[in-house]
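Visitor: My questions concern the predicted model and sequence given below.
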Amino acid sequence: MAMTHAPNHAGRLLAWYDRHRRTLPWRASAGARTEPYLVWLSEIMLQQTTVATVGDYYRRFIERWPTVEALAAAPLDDVLSAWAGLGYYARARNLHACAKAVAADHNGRFPEDEAGLRALPGIGPYTAAAIRAIAFDHKASAVDGNVERVIARLQAIETPLPDAKIEIHARAAELVPAGRAGDYAQAMMDLGATVCTPRKPLCVICPLGRSCRALKLGIAETLPRRLPKAEKPTRRGLAFVLARKDGAILLRKRPAKGLLGGMDEVPSSPWREGRFVAADALGDAPVPARWIILDGLVRHTFTHFHLELSVARATATTDRLARLLPGSAWCTLDLLDERALPTVMRKVIEKASLA
């Protein structure tokens with residue numbers, strides 16, 4: 001497919017951006033560059049998460065850890081706790097590891113080159129390109145989901161995703177201007193987020209409308225096309241909420257690696273697919289107790305599966321249990337917000353009417 005080289009493509013897009021750029025907590029004012037630490041932090045937070053959700057988390061992180069050195073010096077548990085609710089918790093572990101690497105190996109300065117950035121934990125091709133473009137104004141092509149959609153429509157690329165990614169990325173790279181690469185990257189993101197939207201794109205006000213092949217063909221809203229996704233399986237289990245008489249509940253630490261690695265949780269049976277009877281899982285309880293299985297389920301969706309948890313609760317007869325269970329500790333209700341509890345565990349505790 002021949003590349004559409006619209007006259008002054010970047011110029012028209014940048015002129016639009018100068019008038020309509022979004023005001024975002026991590027975005028520098030017009031004419032200024034955002035510090036690499038702020039670009040990196042915001043981009044990691046924005047992975048598979050919406051701008052609206054990230055704003056408050058970003059502000060709290062910056063207030064608590066204003067520099068990469070401060071974040072590197074923080075205990076991992078504090079970082080996981082501050083991240084709780086953003087999901088995809090491997091990002092938080094990599095965030096902390098990356099901060100430590102930048103502080104220890106690069107004197108607190110992010111590398112400018114792609115190889116140096118990609119050698120850091122949690123930084124892939126997109127994040128490296130975003131940092132290089134936005135923080136350092138290098139001619140780098142940052143292609144996220146919004147940009148994929150813009151390029152697929154601009155060039156009328158009908159090959160379904162993910163097979164179309166190679167072509168989309170190649171076309172996108174050809175359009176990056178030599179000057180104002182950082183503004184261009186953010187302009188493409190803003191265009192996809194506010195004008196070239198997944199449904200009902202606002203083609204009539206698009207600054208690139210005159211050169212959009214999909215618009216001319218009348219297929220803009222159908223692009224990008226995607227291969228059908230496999231249906232997510234459903235896993236089920238029984239969560240055990242054990243409370244002392246003062247209301248404190250027993251939490252344990254998940255293994256450092258794997259799903260929700262290093263996060264806090266209430267104990268539960270293994271999460272498995274197939275037929276599940278909650279009463280049959282009582283043998284997985286962390287301690288013998290008079291467990292009462294509550295009515296209803298806690299439902300949560302992860303990237304690769306749905307989860308349905310039944311909830312059992314019991315009152316502890318002794319406060320020594322935490323000593324007997326490795327990695328476990330009592331947590332009073334007033335301190336729950338300081339623990340690294342993932343959203344699904346907060347749902348479980350709420351279901352048990354303890355917080």
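Guide: Sure, I can see it. Numbers count the residues shown, from 1 in each chain.
Visitor: which residues of the stretch 101-250 of the chain fall in helices?
Guide: Shown for the stretch 101-250 of the chain, the helices assigned by DSSP state H, counting those that start in this stretch span residues 114-118, 125-130, 136, 145-154, 165-175, 181-194, 213-217.
Visitor: what's the closest of these to G55?
Guide: helix 181-194 (13.9 Å; CB to CB). Bear in mind the C-beta positions are built from the backbone N, C-alpha and C, glycine included.
Visitor: Identify each buried residue in the closest one, please.
Guide: The neighbour-count check on helix 181-194 (16 or more other CB atoms under 10 Å) flags 181-193 as buried.
Visitor: And for stretch 211-224?
Guide: Buried-residue list, stretch 211-224, by 16+ other CB under 10 Å: 211-215, 220, 223-224.
Visitor: again with stretch 146-159
Guide: Here stretch 146-159 shows 146-157, 159 as buried, counting by 16+ other CB under 10 Å.
Visitor: Does H20 touch A193 like I think?
Guide: No. Using CB atoms under 8 Å, H20 makes no contact with A193, being 11.1 Å away.
Visitor: Please identify every residue contacting each of these two.
Guide: Counting by CB atoms under 8 Å, 6 or more residues apart in numbering, no residue touches both H20 and A193.
Visitor: ok, back up a step: could you dump the helices of the stretch 101-250 of the chain into CSV with distance to D264 added?
Guide: Shown next, in CSV, are the helices of the stretch 101-250 of the chain (distance: least, CB to CB, whole Å):
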stretch, distance to D264
helix 114-118, 31
helix 125-130, 27
helix 136, 38
helix 145-154, 31
helix 165-175, 37
helix 181-194, 34
helix 213-217, 47
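Visitor: of those helices, which approaches L86 most closely?
Guide: That would be helix 125-130 among those, by CB to CB, at 15.8 Å.
Visitor: Quick check: P207 vs E221, distance?
Guide: 18 Å (CB to CB, to the nearest Å).
Visitor: Helix, strand or coil: sort out A329 for me.
Guide: The local conformation at A329, judged by DSSP: H, G, I helix; E, B strand; the rest coil, is strand.
Visitor: Can you report how many residues neighbour it?
Guide: 14 (other CB atoms under 10 Å).
Visitor: Tell me what it is bridged to.
Guide: Note on A329: beta-bridge partners L251, judged by DSSP bridges.
Visitor: so it makes contact with L251?
Guide: Yes. Between A329 and L251 there is a contact under CB under 8 Å: 6.1 Å.
Visitor: what residues are up against V143?
Guide: V143 neighbours (CB under 8 Å, 6+ apart): 126, 129, 151, 168-169, 172.
Visitor: which one among these gets closest to D334?
Guide: For the contacts of V143, the nearest to D334 is Y126 (40.1 Å; CB to CB).
Visitor: State whether the closest one and S141 are indeed in contact, as I suppose.
Guide: No. Taking CB under 8 Å as the definition, Y126 is not a contact partner of S141, at 9.4 Å.
Visitor: Between those two, which is the more surrounded one?
Guide: Set Y126 next to S141 and count neighbours by other CB under 10 Å: S141 wins out with 24 against 18.
Visitor: Please name the nearest non-neighbouring residue to the more buried one.
Guide: A173 (4.1 Å; CB to CB, 6 or more residues apart in numbering).
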